[in-house]
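Participant: Okay, here's the prediction I keep looking at, along with the sequence it came from:
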Amino acid sequence: MTDLRRGYGKTAGVVGMGRSGAAAARLLSNRGFVVTGFDSSPEASSNEHLSSTVFGEFTDAHLKGLAVLVLSPGVPPAAAISQRASDLGIPVIGEVELAWRSTTAAVLGVTGSNGKTTTVEWLGHVIRASGPGAEAVSAGNTGYAFCDAVLDYPDCPVFAVELSSYQLETIMELRPLAAAILNLTPDHLTRHRTMQNYGDAKARIFMNQRNTDTAVLNFDDPLLERYHGISLGRQVFFSMNREVPLGAWLTPSGMIYYRDENSAQAVLHAEDLSIPGRHNVANALAVICLAASYGLEPERLLAGLTSFSGVPHRIEFIGTARGISWINDSKSTNIDSLKVALESFEHKVILLAGGQEKESDYSVLGPLLKQKVKSLVLFGSGADILRKQWHDTVETAVVNDLEEAVAKALLLAGTSDTVLLSPGCASFDQYLNFEQRGEHFRQIVKALK
């Protein structure tokens, strides 16, 4: 194992100077490394923790002598710079692996296609609310890089870490005390090519676990059945539909139970959870399994389960303007997250969708659009593709961008209507990330008041 705790007299490279890359450079610099940044774009942000930056093409001279090369999540392991570094005998790791090797704290890891951020933030909140002096920090793919969290909270006893498939592709020794896969739906297939490759990348979250660790799986997801028993740790499940041998489940009456090796007990009624929606009941079940695996008794979970306020950009009510309710679900970047958002409403909404479409069959949402959507406004680079896949479903308008989408929604909406931004697509056609898209939507709506 490469010792990354003390870098004095050593050099390191970081590939990709976005949020994760900048955090990795900061951590390496703090440990005494002289850091070189690599980025394909000359417009990449400057970073005070870099001694130099290589834009575009690299040479062996740029790599030789590096003690380690750290990849940002957006850089695939098969990238030329990664392959060449390996050929030269340079260890290549990801940003989350760097963070793991730089802390002695416990890690509770969460992955899956949907619900990761809510589950990780809720898990951290539940631990902090569990009693006097309890500490936990949520980080990772949530937008707060794991490397930053390790530096900012050096004495934190436990990190709840959201781990994407991209991040998990580059782990080597990262070992969560408890880890969960929430669900699997088609996503990131441009990079992973097949659902099996995608699922296998997610399942790497279990690969270093020992018999004292815990693996948590969604018992209701048939795509996860092939990963039952993959971890050396104890197997725990959660289910919305049936009782499980170990773990948490929802009864037909709405009561949530948790069973460990000794007994089963009621935790709380689903109606008492602090954020609504059936999808959030499933998230809560995962939180219960992970927090219990960390050592918290079910009764210590109640305060956090009933007081969490949710996460920004995920079915977030941002206010009323012009008599219309506005909902920010910018974090909806795939079909399944859009489906979850639409199913959260009892009444019809005006839906704003679009962005950079994914290699998915959006037509499967046609029946749900007819049921839940009053009018549809499409924007961004994928608007025409979505229009073709959703033809003959609901009244549809196509515009260029989010500002035009809001303006069109104002014309379509009546008093007491709800406008839902739930793109179902990536944001990269017009934004750096879904957070920037959601904040732009927030500002547009704010200007209407």
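Facilitator: Nice, I can see it.

Participant: tell me the strands in the stretch 101-250 of the chain, going along the chain?
Facilitator: 106-111, 137-140, 158-162, 178-181, 214-218, 234-239, 247-250 (DSSP state E, counting those that start in this stretch).

Participant: Turn those into CSV, including distance to V92 and mean neighbour count.
Facilitator: Bear in mind the C-beta positions are built from the backbone N, C-alpha and C, glycine included. Supplementary listing: the strands of the stretch 101-250 of the chain in CSV, determined by distance: least, Cβ to Cβ, whole Å; neighbours: other Cβ atoms under 10 Å:
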stretch, distance to V92, mean neighbour count
strand 106-111, 21, 26
strand 137-140, 20, 26
strand 158-162, 20, 26
strand 178-181, 23, 29
strand 214-218, 27, 27
strand 234-239, 32, 22
strand 247-250, 36, 25
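
Participant: L63 is nearest to which of those strands?
Facilitator: Each of those has some distance to L63 by Cβ to Cβ; the shortest is strand 137-140, at 27.4 Å.

Participant: about what we covered before: a markdown table please, covering the strands of the stretch 101-250 of the chain and showing distance to H125 and mean pLDDT.
Facilitator: Formatted as a markdown table, the entries for these read as follows, by distance: least, Cβ to Cβ, whole Å; pLDDT from 0 to 100:
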| stretch | distance to H125 | mean pLDDT |
| --- | --- | --- |
| strand 106-111 | 13 | 98 |
| strand 137-140 | 8 | 98 |
| strand 158-162 | 9 | 98 |
| strand 178-181 | 16 | 98 |
| strand 214-218 | 18 | 98 |
| strand 234-239 | 18 | 98 |
| strand 247-250 | 17 | 98 |
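
Participant: list the buried ones in stretch 144-154?
Facilitator: The neighbour-count criterion (16 or more other Cβ atoms under 10 Å) identifies Y144, A145, F146, C147, D148, A149, V150, L151, Y153 as the buried residues of stretch 144-154.

Participant: Equivalent analysis for stretch 59-79, please.
Facilitator: Of the residues in stretch 59-79, those buried (16+ other Cβ under 10 Å) are H62, L63, L66, A67, V68, L69, V70, L71, S72, P73, V75, A79.

Participant: Compare the strands of the stretch 101-250 of the chain and report which one is nearest to G13.
Facilitator: It's strand 137-140; of the strands of the stretch 101-250 of the chain, that one is closest to G13 (Cβ to Cβ) at 21.8 Å.

Participant: List the neighbouring strands of that closest one plus their orientation.
Facilitator: In the sheet containing strand 137-140, its partner strands are strand 158-162 (parallel), by DSSP bridges.

Participant: okay, the angle between the strand it pairs with and strand 106-111?
Facilitator: With axes from the mean of the first three to the mean of the last three Cα atoms, to 10 degrees as the basis, strand 158-162 and strand 106-111 are set at 10 degrees to each other.

Participant: Pull whichever strand or helix holds Q83 out as CSV, backbone CA atoms only.
Facilitator: If you go by DSSP states H and E, Q83 is part of helix 80-87. The C-alpha trace of helix 80-87 is given here as CSV (Å, rounded to 0.1, in the frame of the first residue of the first chain):
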residue,chain,number,x,y,z
ALA,A,80,-4.6,7.0,-21.8
ILE,A,81,-2.9,8.9,-18.9
SER,A,82,-4.1,6.2,-16.4
GLN,A,83,-2.8,3.4,-18.6
ARG,A,84,0.5,5.0,-19.2
ALA,A,85,1.0,5.7,-15.5
SER,A,86,0.4,2.1,-14.7
ASP,A,87,2.9,1.1,-17.4
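
Participant: neighbouring contacts of it?
Facilitator: Taking Cβ atoms under 8 Å, 6 or more residues apart in numbering as the criterion, the residues outside helix 80-87 that touch it are G13, V15, F38, F58, D60, L63, L66, L69, L71, V75, P76, V92.

Participant: Just give the closest residue to the third one, not the sequence neighbours.
Facilitator: The reference is to F38. Excluding the flanking residues, the one nearest F38 by Cβ to Cβ, 6 or more residues apart in numbering is V15, at 4.5 Å.

Participant: Show me the beta-bridge partners of the one you found.
Facilitator: Beta bridges link V15 to F38, L71 when assigned by DSSP bridges.

Participant: what about the helices in the stretch 301-449 of the chain?
Facilitator: Along the stretch 301-449 of the chain, the segments classed as helices by DSSP state H, counting those that start in this stretch run 302-305, 335-343, 366-372, 383-389, 402-412, 434-446.

Participant: got CSV for those, with mean neighbour count and distance to A106 too?
Facilitator: Conversion of the helices of the stretch 301-449 of the chain to CSV gives the following (neighbours: other Cβ atoms under 10 Å; distance: least, Cβ to Cβ, whole Å):
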stretch, mean neighbour count, distance to A106
helix 302-305, 19, 17
helix 335-343, 22, 29
helix 366-372, 15, 40
helix 383-389, 17, 43
helix 402-412, 18, 40
helix 434-446, 19, 27
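
Participant: Can you say which of those helices is nearest to V311?
Facilitator: Taking Cβ to Cβ as the measure, the helices of the stretch 301-449 of the chain were each checked against V311, and helix 434-446 came out nearest at 10.5 Å.

Participant: hmm, back to that, with pLDDT as added columns, please give the buried residues of stretch 59-79 in CSV.
Facilitator: What follows is the buried residues of stretch 59-79, written out as CSV (pLDDT from 0 to 100):
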residue, pLDDT
H62, 96
L63, 97
L66, 96
A67, 95
V68, 96
L69, 97
V70, 97
L71, 97
S72, 94
P73, 92
V75, 91
A79, 94
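
Participant: Out of the residues you listed, which comes closest to S332?
Facilitator: Ranking the buried residues of stretch 59-79 by separation from S332, with Cβ to Cβ as the measure, puts P73 on top at 19.7 Å.

Participant: Fine by me, we can end here.
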